[in-house]
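Engineer: Need the 3D shape of this:
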Amino acid sequence: MASVLSYESLVHAVAGAVGSVTAMTVFFPLDTARLRLQVDEKRKSKTTHMVLLEIIKEEGLLAPYRGWLPVISSLCCSNFVYFYTFNSLKAVWVKGQRSTTGKDLVVGFVAGVVNVLLTTPLWVVNTRLKLQGAKFRNEDIVPTNYKGIIDAFHQIIRDEGVLALWNGTFPSLLLVFNPAIQFMFYEGLKRQLLKKRVQLSSLDVFIIGAIAKAIATTATYPMQTVQSILRFGRHRLNPENRTLGSLRNVLYLLRQRVKRFGIMGLYKGLEAKLLQTVLTAALMFLVYEKLTAATFTIMGLKRAAHKH
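Structural biologist: Numbers count the residues shown, from 1 in each chain. Next up, the predicted model:
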């Protein structure tokens, strides 16, 4: 219990949250382009920069940053939960022993499940707010009119029921493999590099963070597309499959995507996603490592001062 409620776990959680917020803010327009390409199937522009130019031209200069506050709020909570759970479980399981790739994957998976169950309502709301006011090419999308985060929660519960806040939970649970794979490769690459040097440079952390996220994103991208559509929840889906989180609807959406655009339709928006998520993850890990190192150094100095 002491390992779970430790100050070290709190430091990792805060550093992870701050790192993710910093990185997402810097690369937020890329996430906007990715989400439009995933949700709006009839958008013809396929490249990231062209989609961003279209959004700015049609919706204004600040449109790429629409929905920044709810996304950042959700991301902050999500990463705090994930990093706290990951490091707490790792402390309990490893207990001073050497960690392994298998243990990192299992711990990452469990941390991901906890994170999904606790934070999915935040992501459902922020997906809708981020897309509100967007000019869609797809006429099957039903527009929303939310005044803010609280109003969005209220309207969703009133009109669609409280379970609608967990739309996309099924693919989200499948997608816990994304951060699990990411952390597995990140920790593995980190261990390999530390065998050859005393500590990692900023460039080392940036590169292994980018590689780990690129592998995880490419492996799980089709399910991320389905997750975005279900979280948005404004498509007129197959009337026989109204249970948004069901396996049947996940398979239905995947089949529809392949039917309309071929197998590559499952990867529509991947360029924007890779560009955004790889750079974001790399910067997040860089900030995270620097913050944790600085905090533990200060803690060490304070303890040494107390001893004297």
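Engineer: Run through the strands of the stretch 51-200 of the chain in chain order.
Structural biologist: With DSSP state E, counting those that start in this stretch, there are no strands along the stretch 51-200 of the chain.
Engineer: Residue ranges in it under the pLDDT threshold?
Structural biologist: Along the stretch 51-200 of the chain, segments meeting pLDDT under 70 span 96, 137-140.
Engineer: now the helices: where do they sit in it?
Structural biologist: 68-94, 101-131, 149-160, 169-174, 177-194 (DSSP state H, counting those that start in this stretch).
Engineer: wait, which of these is closest to Val226?
Structural biologist: helix 169-174 (4.9 Å; CB to CB). No exception for glycine: its C-beta is placed from N, CA and C like everyone else's.
Engineer: now that closest one, how far from the chain's geometric center?
Structural biologist: For helix 169-174, the separation from the chain centroid amounts to 13 Å (computed by CA atoms, centre = their mean, to the nearest Å).
Engineer: cool, stretch 266-276 as well?
Structural biologist: Worked out by CA atoms, centre = their mean, stretch 266-276 lies 13 Å from the chain centre.
Engineer: before we move on, the earlier item: could you dump the helices of the stretch 51-200 of the chain to TSV with distance to Lys259 and mean neighbour count?
Structural biologist: Shown next, in TSV, are the helices of the stretch 51-200 of the chain (distance: least, CB to CB, whole Å; neighbours: other CB atoms under 10 Å):
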stretch	distance to Lys259	mean neighbour count
helix 68-94	31	21
helix 101-131	23	20
helix 149-160	27	15
helix 169-174	19	22
helix 177-194	25	20
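Engineer: who touches Pro171 in this structure?
Structural biologist: Met223, Gln224, Val226, Gln227, Leu230, Val250 (CB atoms under 8 Å, 6 or more residues apart in numbering).
Engineer: Can I get those in a markdown table including secondary structure and distance to Ala272?
Structural biologist: Shown next, in a markdown table, are the contacts of Pro171 (DSSP: H, G, I helix; E, B strand; the rest coil; distance: CB to CB, whole Å):
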| residue | secondary structure | distance to Ala272 |
| --- | --- | --- |
| Met223 | helix | 17 |
| Gln224 | helix | 12 |
| Val226 | helix | 17 |
| Gln227 | helix | 16 |
| Leu230 | helix | 19 |
| Val250 | helix | 22 |
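Engineer: As CSV, the helices of the stretch 51-200 of the chain with distance to Leu61 would be great.
Structural biologist: Converted to CSV, the helices of the stretch 51-200 of the chain look like this (distance: least, CB to CB, whole Å):
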stretch, distance to Leu61
helix 68-94, 14
helix 101-131, 17
helix 149-160, 23
helix 169-174, 32
helix 177-194, 32
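Engineer: Out of the ones you listed, which is closest to Glu58?
Structural biologist: Comparing these by CB to CB, helix 101-131 comes nearest, at 13.8 Å.
Engineer: by contact count, what packs against that closest one?
Structural biologist: helix 28-39, helix 68-94, helix 149-160, helix 169-174, helix 177-194, helix 202-232 (3 or more CB pairs under 8 Å, 6 or more residues apart in numbering; DSSP states H and E).
Engineer: Taking helix 28-39 as reference, get the angle to that helix.
Structural biologist: For helix 101-131 against helix 28-39, the angle by axes from the mean of the first three to the mean of the last three CA atoms, to 10 degrees is 90 degrees.
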